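Asker: Please find the sequence and the predicted model below.
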Amino acid sequence: MENEKIANDFGVELIRQIRALDQFGNWSRMSDEDLLIKKYVKTKEDLKLIPLIADIDEMLTNDIKMIYKAIALAFERKTGVVCNVIMEMSHEGFGRCAVIAGRICIVDKYFKDAHRFGFRTLDALFVDGDKHLANAMAIYEHYKPCIQEG
């Protein structure tokens, strides 16, 4: 079932983003599924090892942003509308990520405790990505007449 999810629009773009940033081929021997699990899946045991109050590192910030870039790219491929991903994150893990298509904000996500960011399962990652992509499409279609008039 995971391979079907990886083959959907969001999954394809997320894997492309990760593979594109692998400059030295460190992840070339890992399967797509294993790579996504390593980056985004955190079990209860993993979360117990992470303190409640901690600073977020640059790599995790980039991994979070990569999810929203994948949503933006999947949206671009479906609609042809160029998107921008804007992310602001404090060192404490509080912040916001927005995806803007034209003049419309199609995704707006607020984070707190981002140093604990992750999904329990790989399926939960894909469900979240698909949900954001579907919502983005609906928001864009709803507000598209507004930008054509102004």
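Answerer: In hand now; what should we look at?
Asker: Run through who's touching stretch 40-58.
Answerer: 63, 67, 89, 91-93, 113-116, 118-122, 125 (CB atoms under 8 Å, 6 or more residues apart in numbering). In this view, the C-beta of every residue, glycine as well, is placed from N, C-alpha and C.
Asker: got the CA coordinates for it in CSV?
Answerer: Taking C-alpha atoms only, stretch 40-58 is exported to CSV below (Å, rounded to 0.1, in the frame of the first residue of the first chain):
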residue,chain,number,x,y,z
TYR,A,40,9.3,11.8,8.9
VAL,A,41,8.1,8.9,11.1
LYS,A,42,8.5,9.1,14.8
THR,A,43,7.2,6.4,17.1
LYS,A,44,6.1,6.9,20.7
GLU,A,45,9.5,5.7,21.8
ASP,A,46,11.2,8.2,19.5
LEU,A,47,9.1,11.0,21.0
LYS,A,48,9.9,10.0,24.5
LEU,A,49,13.6,10.6,23.8
ILE,A,50,12.9,14.2,22.6
PRO,A,51,12.7,16.8,25.4
LEU,A,52,9.5,18.8,25.7
ILE,A,53,11.5,22.1,25.5
ALA,A,54,14.4,22.2,23.0
ASP,A,55,15.7,24.2,20.1
ILE,A,56,15.0,23.1,16.6
ASP,A,57,17.9,22.3,14.3
GLU,A,58,18.3,23.5,10.7
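Asker: Can you tell me the centre-most residue of the chain?
Answerer: Ile67 (1.4 Å; CA atoms, centre = their mean).
Asker: And it, what's its pLDDT?
Answerer: Per-residue confidence (pLDDT) for Ile67: 96.
Asker: quick one: buried residues of the helix or strand containing it?
Answerer: Following DSSP states H and E, the helix or strand that holds Ile67 is helix 58-79. For helix 58-79, a neighbour-count test (16 or more other CB atoms under 10 Å) marks 60-61, 63-75, 79 as buried.
Asker: got the angle for the longest helix belonging to the chain vs helix 58-79?
Answerer: Counting residues, the longest helix found in the chain (DSSP state H) is helix 122-149. Helix 122-149 and helix 58-79 are oriented at 60 degrees to each other (axes from the mean of the first three to the mean of the last three CA atoms, to 10 degrees).
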